[in-house]
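In: how would this look folded up:
(one chain, ligands or ions: 1)
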Amino acid sequence: MFNSDGTGLAGRFCQMLAALLLGLVLAQQALGQTTTGLDDPRGGISTLPDVLDARVTATPERARLILDLSGPTEFAIVSLSGPDRIAVDVKSTGTAIAVPPDVAGGGIVSRYAVELAEPGRVRTTLELAAPSQVQQAYILDAVGDQPARLVVDLIADTAENFAQRVAADLAASAANQGVPPSALSTDPGTHGGDLEVRPLVVIDPGHGGIDNGASAPNGVHEKDITLAFAVDLQKLLVESGRYDVALTREDDTYLTLNQRVALARANKADLFISLHADTFQQPEIRGASVYTRDEKATDVLDKVLAENENKYDIVAGFTLPSTEPVVVDILVDLMRREMRKSSFIAAQALVHQLEPSVTMRRFPVRQADFFVLQAPDVPSILVELGFLSNAADIANLQKSDWRQRVVQALARGVADYFDTLRATPAP
Ligand code: ZN
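Out: Sure, this is the predicted structure:
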């Protein structure tokens, strides 16, 4: 029943080899792409877009630039000194942004400017309050009510590293006769393809079989939506070569909540992601959100949401899963607390990557008493992709391009989560 797609059990080794080979292929492709930049004759973008809007948020640790675009384009990034800044060039006809809004938050980016640097090139200059580096940068195609976007994430860096990049960019620029060096769009998880044991991600498509989950007025069922997202997310994560990925179900099968939890625990999953698209009593509530478990969570709406979710086992003829036994073992208690911390970090990482891509609920990192998140030894999160009680969400949830956008954001979030874990080893 634990359909592991060549992972988890005997097939894990074979998949390691396959992924290693795939990794080599991807590396070769990446080498072949190093000329992709503003001067790339193969660029093939005939009509350049406008830069419609810009915003920057910053904290002492990180910053994010979002440019709304009238269409997809190409970009390049360069580090500059005196004063320290990072310039982001996009192929674009122009921009109406004369004075960009203030940087929200205040942190490693103090202010920024957006201007037409020359015909066909709009430059956004981020003035740095502290040395920083580009963590990732990517273009999102327009989907539904979301325009095309360029997203650039910065993280803090040492002054030495920043100075080295300035020098390298300067040298590359001179070699290219004034053309700034190219920046490759960072695909989810292309970095860090080490040979170490890969984490196991278990994706749990909510509901299945006799349990349809929520249903939209047009008859589409939650169980089918969650499965489509799970299969695509698995594919993307496996392609990155960084993870083993298993699904709790790969077809229209019914599983109890306890079975889902047990599968993750028995296979010692490093991350458990349950996917849902439930309904709310209030049809106006829409957008994606990510939940961690908290039995004492107080939000009334979330409480009803979790209670309804937990009740599906009864609907399907099973008794409610037993709630956790009273903890007498201090080690289990410690482990559980550690897992909750990790779950919260994972939720934050996924939300951070979803935010520029799709409409989110207000305060999208949320807590509720979802039984499916009860494993004491597996970091567990539940993603509400959207709500089948909201017309706009229903439309999005059925679009394959919207699904791709979400799945790519989730994959980036998973990569960020494991990067964060690696950066802060357990005490
Ligand atoms: Zn559900």
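In: which residue ranges of the stretch 51-200 of the chain form strands?
Out: 62-69, 75-80, 85-91, 94-95, 109-118, 121-128, 132-140, 148-156, 200-205 (DSSP state E, counting those that start in this stretch).
In: which one of the ones you listed lies closest to the ion?
Out: strand 200-205 (9.7 Å; CB to the ion). C-beta: built from backbone N, CA, C; applies to glycine.
In: so that closest one, near the ion or not?
Out: No - judged by CB under 5 Å from the ion, strand 200-205 stays clear of the ion, getting no closer than 9.7 Å.
In: roughly how far apart are residue 225 and the ion?
Out: 10 Å (CB to the ion, to the nearest Å).
In: also residue 373?
Out: 12 Å.
In: start the count at 35, not 1, going forward
Out: Taking 35 as the first residue, the last one we looked at is residue 407.
In: burial of that residue, as a residue count?
Out: Using other CB atoms under 10 Å, residue 407 has 28 neighbouring residues.
In: in space, what's closest to it - neighbours in sequence excluded?
Out: Counting by CB to CB, 6 or more residues apart in numbering, the nearest residue to residue 407 once its immediate chain neighbours are dropped is residue 327, at 3.7 Å.
In: just to revisit the earlier point, ok, of the strands of the stretch 85-234 of the chain, where does mean pLDDT dip lowest?
Out: Of all the strands of the stretch 85-234 of the chain, strand 128-129 carries the lowest average pLDDT, namely a mean of 87.
In: which other residues reach that strand?
Out: Outside strand 128-129, the residues within contact range by CB atoms under 8 Å, 6 or more residues apart in numbering are 84, 85, 86, 88, 148, 149, 150, 156.
In: make CSV out of these and add distance to residue 457.
Out: Formatted as CSV, those follow (distance: CB to CB, whole Å):
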residue, distance to residue 457
84, 38
85, 33
86, 35
88, 29
148, 32
149, 35
150, 38
156, 33
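In: which pair of these spans the longest distance?
Out: 86 and 149 (14.8 Å; CB to CB).
In: about what we covered before: need the strands of the stretch 85-234 of the chain in JSON lines (columns: mean neighbour count).
Out: Converted to JSON lines, the strands of the stretch 85-234 of the chain look like this (neighbours: other CB atoms under 10 Å):
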{"stretch": "strand 96-103", "mean neighbour count": "23"}
{"stretch": "strand 109-114", "mean neighbour count": "23"}
{"stretch": "strand 119-125", "mean neighbour count": "22"}
{"stretch": "strand 128-129", "mean neighbour count": "18"}
{"stretch": "strand 143-152", "mean neighbour count": "17"}
{"stretch": "strand 155-162", "mean neighbour count": "21"}
{"stretch": "strand 166-174", "mean neighbour count": "20"}
{"stretch": "strand 182-190", "mean neighbour count": "21"}
{"stretch": "strand 234-239", "mean neighbour count": "28"}
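In: quick one: residues contacting the residue nearest to residue 407.
Out: Residue 327 sits next to 374, 377, 401, 402, 403, 404, 407, 408, 414 when contact means CB under 8 Å, 6+ apart.
In: and the residue in the stretch 185-334 of the chain that the ion sits nearest to, what is it in contact with?
Out: Taking CB to the ion as the measure, the point where the stretch 185-334 of the chain comes nearest the ion is residue 310, at 3.6 Å. Contact partners of residue 310, counting by CB under 8 Å, 6+ apart, are 240, 241, 247, 256, 260, 343, 416, 417, 418, 419.
In: quick one on the thing from earlier: format the strands of the stretch 85-234 of the chain as CSV; extra columns: distance to residue 384.
Out: Below are the strands of the stretch 85-234 of the chain laid out as CSV (distance: least, CB to CB, whole Å):
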stretch, distance to residue 384
strand 96-103, 15
strand 109-114, 24
strand 119-125, 25
strand 128-129, 31
strand 143-152, 23
strand 155-162, 25
strand 166-174, 14
strand 182-190, 14
strand 234-239, 12
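In: interface residues of this protein facing the ion?
Out: Residues of the chain lying near the ion (CB under 5 Å from the ion): 240, 247, 310, 312.
In: for the closest residue to the ion within the stretch 335-461 of the chain, which non-adjacent residue is spatially closest?
Out: Checking the stretch 335-461 of the chain residue by residue against the ion with CB to the ion singles out residue 343 as nearest, at 5.2 Å. Leaving aside its chain neighbours, residue 343 sits nearest to residue 404 (6.0 Å; criterion: CB to CB, 6+ apart).
In: now do the contacts for that neighbour.
Out: Going by CB under 8 Å, 6+ apart, residue 404 touches 308, 325, 327, 340, 343, 344, 416.
In: again, but for residue 394
Out: 321, 322, 323, 385, 388.
In: and the nearest residue to residue 393 once chain neighbours are set aside, how many neighbours?
Out: For residue 393, ignoring the flanking residues on the chain, the nearest one in space by CB to CB, 6+ apart is residue 321 at 4.3 Å. The local packing of residue 321 (other CB under 10 Å) involves 19 other residues.
In: swap in residue 95?
Out: 12.
In: thought residue 143 was touching it, still the case?
Out: No - counting by CB atoms under 8 Å, residue 95 does not reach residue 143; the two are 11.7 Å apart.
In: poorly predicted segments of the chain, please.
Out: Residues of the chain that meet the criterion pLDDT under 70 lie in 35-80, 210-230, 348-362, 459-461.
In: need the helices for it, in chain order.
Out: Remark: helices assigned in the chain by DSSP state H are 46-66, 193-209, 256-274, 291-300, 334-349, 364-388, 425-431, 434-457.
In: will you turn the ones you listed into JSON lines that also has mean neighbour count?
Out: Below are those laid out as JSON lines (neighbours: other CB under 10 Å):
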{"stretch": "helix 46-66", "mean neighbour count": "13"}
{"stretch": "helix 193-209", "mean neighbour count": "14"}
{"stretch": "helix 256-274", "mean neighbour count": "22"}
{"stretch": "helix 291-300", "mean neighbour count": "20"}
{"stretch": "helix 334-349", "mean neighbour count": "17"}
{"stretch": "helix 364-388", "mean neighbour count": "18"}
{"stretch": "helix 425-431", "mean neighbour count": "20"}
{"stretch": "helix 434-457", "mean neighbour count": "20"}
